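K.L.:
From the sequence below, what's the structure:
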Amino acid sequence: MNEIIAQLQETFSDPELWSKPATWIAVACGVIVLALIVRLMFRRKKPAEAQPAAPRVDPRANGGAFGALTPALASQIPESEKERKEFGQMLKQAGMYSPTARASVYAFRFLFMVFPLLVAGVLAVAEPEHTWRYLIAGGIGAAVLSIIPRLYVWVVKQRRLRQINEGLSDMLDMLSMCLGGGMPLAASLDHVSKNIAPSYPALAEELQIMKKQTEVHSMRMALSEWANRLDTPEVRQVATILTRGDFLGSSLSGSLRDQADHFRTTRKQLATLRANRTPVLLTFPLMFCFAPAVLILLMSPAFLQLSDFFNPETNPLNANDQLTVSTDRIVETLNDLNQNPDAIRDATRSQPAAE
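P.N.:
Model (predicted):
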């Protein structure tokens, strides 16, 4: 590691490196790409207010993120009808209801894909001896950066659906109290959306959309659209209960309270499941990080002893040949003793004299 750091310091401290125009082009392109990624991934969000959240509308909705160029840039990336439907569903789940949301995301994908290729082409022209390296790096960079916009939409979708599912139990409790007090379902949804907005703005936004759809068509159509738009098991269960109550005209207070308790129990079980799964997941880092060190400490003495056994000439105790005993010599001595038992008696008698 120290050698790599020293080599990098030596490379970047070379004055010839900074005298080349290709180096400054690469640095400028890297700064621009980093700024675009930060701009896309970490947009500043306004703090949630007590007012009901309205559907988010892009201020550049008429033209998209790049104005009039947005449709032309987005059309450069082909997509099948299946991909178009799946991505449209993902945008709805992420709360991106702007008419130009799809075009803006695909425009970003096209720019992120083309920009590294252009940079690689400029560097290849500036330094022809490294053409293949620049082209390969540009291709890899284009493939990686083109995934970032769609990945951003997926991350927003997951976070938003999780927030909606977490707020369903509180929504059902409030809705049950409103219905138990004699309020109609549409007015109850409006009241709940206004009070739940500070804690769960995404859920409040969906309730406001459902309220507006109810005013245009009917409650059953609005509930069906809500279930299809979010497409999660929890939302479908709530939509089914509300649709059945609206169709039959029966009381929904008890059913909503039971469903809210069921959601809380399910969340508790999922939390317990994650807690029980944590030790199993920790096994892999423990095994790959601590197990090699422990094995080295425990097995090193045994390996050293085996090495001395198979290579006796490397043993420092044999330096003066004081402890070197040949196996063949031991076998020969034992055979001589078996053939001449008197040698044992003579050796025993001569031992005191030798001392």
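
K.L.:
from here on, contacts and neighbour counts on C-alpha atoms
P.N.:
Noted.

K.L.:
and Leu304, how many neighbours does it have?
P.N.:
Leu304 has 10 neighbours, counted by other C-alpha atoms under 10 Å.

K.L.:
which element is it on?
P.N.:
Leu304 belongs to helix 291-310 when elements are defined using DSSP states H and E.

K.L.:
Quick one: mean pLDDT over that helix.
P.N.:
Average pLDDT, helix 291-310: 81.

K.L.:
Renumber starting at 43 from here on
P.N.:
That works, and once the first residue is 43, the last one we named lands at helix 333-352.

K.L.:
C-alpha coordinates for it, PDB please?
P.N.:
Taking Å, rounded to 0.1, in the frame of the first residue of the first chain, the C-alpha atoms of helix 333-352 are listed here in PDB:
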ATOM      1  CA  ALA A 333     -10.500 -16.100  10.600                       C
ATOM      2  CA  PRO A 334      -7.300 -15.700   8.500                       C
ATOM      3  CA  ALA A 335      -5.500 -14.000  11.400                       C
ATOM      4  CA  VAL A 336      -6.600 -16.500  13.900                       C
ATOM      5  CA  LEU A 337      -5.600 -19.400  11.700                       C
ATOM      6  CA  ILE A 338      -2.100 -17.900  11.200                       C
ATOM      7  CA  LEU A 339      -1.600 -17.500  14.900                       C
ATOM      8  CA  LEU A 340      -2.800 -21.000  15.700                       C
ATOM      9  CA  MET A 341      -1.200 -22.900  12.800                       C
ATOM     10  CA  SER A 342       2.100 -21.200  12.500                       C
ATOM     11  CA  PRO A 343       3.900 -23.200  15.200                       C
ATOM     12  CA  ALA A 344       2.700 -26.400  13.800                       C
ATOM     13  CA  PHE A 345       3.800 -25.500  10.300                       C
ATOM     14  CA  LEU A 346       7.200 -24.400  11.600                       C
ATOM     15  CA  GLN A 347       7.600 -27.700  13.400                       C
ATOM     16  CA  LEU A 348       6.600 -29.700  10.300                       C
ATOM     17  CA  SER A 349       9.100 -27.600   8.200                       C
ATOM     18  CA  ASP A 350      11.900 -28.500  10.700                       C
ATOM     19  CA  PHE A 351      10.900 -32.100  10.600                       C
ATOM     20  CA  PHE A 352      11.000 -32.500   6.800                       C
END
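
K.L.:
can you pull out the helices in the stretch 43-192 of the chain?
P.N.:
Secondary structure of the stretch 43-192 of the chain (DSSP state H, counting those that start in this stretch): helices located at 44-54, 57-60, 63-83, 112-116, 123-135, 143-168, 173-187, 190-222.

K.L.:
before we move on, back to that, in the helix holding Leu346, what counts as buried?
P.N.:
Neighbour counts over helix 333-352 (16 or more other C-alpha atoms under 10 Å) mark no residue as buried.

K.L.:
Show me what that helix is packed up against.
P.N.:
Where contact means 3 or more C-alpha pairs under 8 Å, 6 or more residues apart in numbering; DSSP states H and E, helix 333-352 is not packed against any helix or strand.

K.L.:
Can you list the low-confidence ranges for the stretch 93-242 of the chain?
P.N.:
For the stretch 93-242 of the chain, the stretches flagged by pLDDT under 70 are 93-105.

K.L.:
Repeat the analysis, applying 80 as the threshold.
P.N.:
Scanning the stretch 93-242 of the chain for pLDDT under 80 picks out the ranges 93-111, 167-170, 172.

K.L.:
So which elements touch the top helix by length along the chain?
P.N.:
As assigned by DSSP state H, the longest helix anywhere in the chain is helix 295-331. Other helices and strands packing on helix 295-331, by 3+ C-alpha pairs under 8 Å, 6+ apart, are helix 190-222, helix 275-290.

K.L.:
okay, those, which one's buried deepest?
P.N.:
Neighbour counts (mean count of other C-alpha atoms under 10 Å) averaged over each of the helices and strands packed on helix 295-331 peak at helix 190-222, with a mean of 18.

K.L.:
Now do that one against helix 143-168, angle only.
P.N.:
Interaxial angle, helix 190-222 versus helix 143-168 (axes from the mean of the first three to the mean of the last three C-alpha atoms, to 10 degrees): 160 degrees.

K.L.:
list the helices and strands helix 190-222 packs on?
P.N.:
If contacts are counted by 3+ C-alpha pairs under 8 Å, 6+ apart, helix 190-222 sits against helix 123-135, helix 143-168, helix 227-238, helix 243-258, helix 295-331.

K.L.:
With respect to Ala179, which of the ones you listed lies nearest?
P.N.:
For these, proximity to Ala179 was assessed by C-alpha to C-alpha; helix 143-168 is nearest, at 7.3 Å.

K.L.:
Next, the angle helix 173-187 makes with the closest one.
P.N.:
Interaxial angle of helix 143-168 relative to helix 173-187 (the same axes, to 10 degrees): 170 degrees.

K.L.:
wait, what's in contact with Arg262?
P.N.:
Contact analysis of Arg262 by C-alpha atoms under 8 Å, 6 or more residues apart in numbering lists Thr256, Thr285, Asp288.

K.L.:
From these, which shows the smallest pLDDT?
P.N.:
The lowest pLDDT within those belongs to Asp288, with 74.
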